[in-house]
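Q: A structural model of the following input is requested.
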Amino acid sequence: MSHVIRRLSFGHEYPGLVNPLDGHTEISDKPASAMYQYFVKVVPTRYKKANGQTISTNQYSVTTHTRFINTAFGEQGLPGIFVMFDLSPILVSLTESRRSFMHFLTSVCAIIGGIFTVAGMIDSIIHHSLRTWRKNQLGKQG
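A: Below you'll find the model as predicted:
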């Protein structure tokens, strides 16, 4: 038994939403019947856009289990596709926000400062290493 789940969602989409079963394919090449179990945990979600618009929707996670049933060996089970849902009592609230230009400028200055600090440390290590090496070379000549 093989199957394809083209799309599975619970509510409206929002930016960054990932539905784990979208495009999911199971192809069985075994002669035995198969039992496909999907344990889906649905979580209510509130997504607030930067412009103030709110989207009430759901997202989900899934755990899959596949069992092959070979009746020739006396195994028992019902072949098929089974989806078990569990609704979460907890609401996830996502808020879209944008950082200010000053935050960006501060981050750029921190990166530039870090580069100068590391470059200064490397220069100091090279300078002291060369000075020590030259002293050792002069000591061996004299």
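Q: and R98, what are its phi and psi?
A: Taking degrees, to the nearest 10, you get phi -120, psi 140 for the backbone angles of R98.
Q: so it makes contact with F104?
A: No: counting by C-beta atoms under 8 Å, R98 stays clear of F104, with 10.2 Å between them. Just so you know, the C-beta spots here come from the backbone N, C-alpha and C atoms, and that holds for glycine as well.
Q: where does this structure have low pLDDT?
A: 31-32, 71-74, 141-142 (pLDDT under 70).
Q: please name the nearest non-neighbouring residue to the residue minimising distance to the centre of it.
A: The C-alpha lying nearest the average C-alpha coordinate of the chain belongs to V18 (C-alpha atoms, centre = their mean; 9.6 Å). Leaving aside its sequence neighbours, V18 sits nearest to Q59 (C-beta to C-beta, 6 or more residues apart in numbering; 8.0 Å).
Q: which one of R98 and F104 has more residues nearby?
A: Shown here are R98 and F104; by other C-beta atoms under 10 Å, F104 has more neighbours (10 against 7).
Q: report the secondary structure state of that one.
A: helix (DSSP: H, G, I helix; E, B strand; the rest coil).
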